[in-house]
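Visitor: This is the structure alone, sequence omitted:
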């Protein structure tokens, strides 16, 4: 009797695809990813929009009317002082400047490719304001804010604030056989062929070897090809997970699969996959990768713990202590009219950067 064989279909790279909305889907160890892209108008000389805002729900404006929002800001757009506990915020600024202030006494103005990384740990209060410094023309602002979970053992560590300046962040520039370039910006996680990444905060899941965390942005010229390498820790039931967010460009091919709409793509992390820009304009992607922490998640607004009892404790602690108090005269500090980039760390150590910085 002749033997028979059945063909096994090859694995496809994309496990799941979801169209992008205001808030992007994430997987453990990431909790949240938002892409803010605001076409702010000229400022009024006092860092606020030089246009009427009476028709907006001031204090909670996420309308994107005319291409921008005030968020919780009044009169300056942004997010006045608010608390966090139990996770980290990673803020990648592609355009514009952000003013940071926090309960540690730290302050910063950063943008144009800079990344701010805050470990909230046992509790921090911070503000993130978007001052409109230019009174003679538009004030575009574009950023990603990413929330990265902390394992239970690190949820109550001391809070930590650091800056990763654009000009220090490593990049890989790859030219394919036709000379078309792909640029990979390495915020976190080792990438073969790129310089070593900067160090994330010491208690971060990204600092643990088993975390296998990567945060990369990709820019592919029209027609460019680049191989997204397999993750180091992708094997096993609790192996590394990877999301590829395709958010700029006409079309992208992942392995043999074509994507013609902006989407969050869960990609198999255990294989190399050839990425091809099949469109006529540049493609840009964000990669979030990490090994799951695989612990229970209890969340209430800005607090992320493991149990509801810990959430109640966080709320009570904040009511009682304000996580150390707020050392600023206003809930929404703005750091002057000069478009300087700087960071003042707890203890008053200050770092100044050139005012101009290339976009991410």
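Guide: Noted; the coordinates are in hand. As the structure is a computational prediction, the values presented were derived from the model and not from experiment.
Visitor: Return the residues in contact with residue 69.
Guide: 38, 61, 62, 63, 77 (C-beta atoms under 8 Å, 6 or more residues apart in numbering). Using the backbone N, CA and C atoms, a C-beta is placed for each residue, glycine as well.
Visitor: Quick check: the fourth one vs residue 55, distance?
Guide: To residue 55, residue 63 is 9 Å away according to C-beta to C-beta, to the nearest Å.
Visitor: circling back: only whichever of the contacts of residue 69 are buried, select them in ChimeraX.
Guide: Here is the ChimeraX selection string for the buried members of those, based on 16 or more other C-beta atoms under 10 Å:
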select :38,61,77
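Visitor: Using CSV, lay out the contacts of residue 69 together with distance to residue 86.
Guide: Below are these laid out as CSV (distance: C-beta to C-beta, whole Å):
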residue, distance to residue 86
38, 28
61, 27
62, 24
63, 30
77, 27
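Visitor: For residue 296, state which of the contacts of residue 69 is nearest.
Guide: Distance to residue 296, by C-beta to C-beta, is smallest for residue 62 among the contacts of residue 69, at 29.2 Å.
Visitor: so what's the closest residue to the closest one other than its chain neighbours scoring on pLDDT?
Guide: Spatial nearest neighbour of residue 62, chain neighbours left out: residue 69 (5.1 Å); criterion: C-beta to C-beta, 6 or more residues apart in numbering. We have a pLDDT of 98 for residue 69.
Visitor: again with residue 107
Guide: For residue 107, pLDDT reads 97.
Visitor: Is it bridged to anything, and to what?
Guide: residue 101, residue 344 (DSSP bridges).
Visitor: correct me, but it touches residue 333?
Guide: Yes. Here residue 107 reaches residue 333: they are 7.3 Å apart, a contact under C-beta atoms under 8 Å.
Visitor: and the two? which has more neighbours close in?
Guide: Applying other C-beta atoms under 10 Å to residue 107 and residue 333 shows that residue 107 carries more neighbours, namely 23 against 20.
Visitor: Kindly provide the distance from that one to residue 12.
Guide: Distance from residue 107 to residue 12, by C-beta to C-beta: 48 Å.
Visitor: cool, and residue 291?
Guide: Taking C-beta to C-beta, one finds residue 291 at 22 Å from residue 12.
Visitor: got it, and residue 218?
Guide: 20 Å.
Visitor: More neighbours: which of the two?
Guide: When neighbours are counted by other C-beta under 10 Å, residue 218 and residue 12 differ, and residue 218 comes out ahead with 24 against 13.
Visitor: Show me the beta-bridge partners of that one.
Guide: Counting by DSSP bridges, the residues bridging with residue 218 are residue 184, residue 285.
Visitor: Thought residue 226 was touching it, still the case?
Guide: Yes. With contact defined as C-beta under 8 Å, residue 218 reaches residue 226; the gap is 7.4 Å.
Visitor: got any residues that touch both of these two?
Guide: With C-beta under 8 Å, 6+ apart, residue 218 and residue 226 have common neighbours 182, 184, 275.
Visitor: can you give me the strands for the stretch 1-150 of the chain?
Guide: 14-19, 23-24, 30-40, 78-84, 87-95, 97-102, 107-111, 115-119, 124-129, 139-149 (DSSP state E, counting those that start in this stretch).
Visitor: what sits up against the fifth one?
Guide: Strand 87-95 is contacted by residues 31, 98, 110-120, 128, 140-150, 155, 187-188, 201, 204-205, 215, 217, 304, 359-360 when judged by C-beta under 8 Å, 6+ apart.
Visitor: Toward the C-terminus, what is the element adjacent to the one helix or strand residue 258 maps to?
Guide: Secondary structure from DSSP states H and E places residue 258 in strand 257-259. For strand 257-259, the succeeding helix or strand toward the C-terminus, using DSSP H and E, is strand 263-267.
Visitor: residues of the helix or strand just after that following strand that come out buried?
Guide: Downstream of strand 263-267, the first helix or strand assigned by DSSP H and E is strand 273-277. The neighbour-count check on strand 273-277 (16+ other C-beta under 10 Å) flags 273, 275, 276, 277 as buried.
Visitor: Including distance to residue 285, could the strands of the stretch 1-150 of the chain go into CSV?
Guide: Listed next are those as CSV, based on distance: least, C-beta to C-beta, whole Å:
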stretch, distance to residue 285
strand 14-19, 13
strand 23-24, 12
strand 30-40, 12
strand 78-84, 26
strand 87-95, 13
strand 97-102, 23
strand 107-111, 21
strand 115-119, 17
strand 124-129, 24
strand 139-149, 12
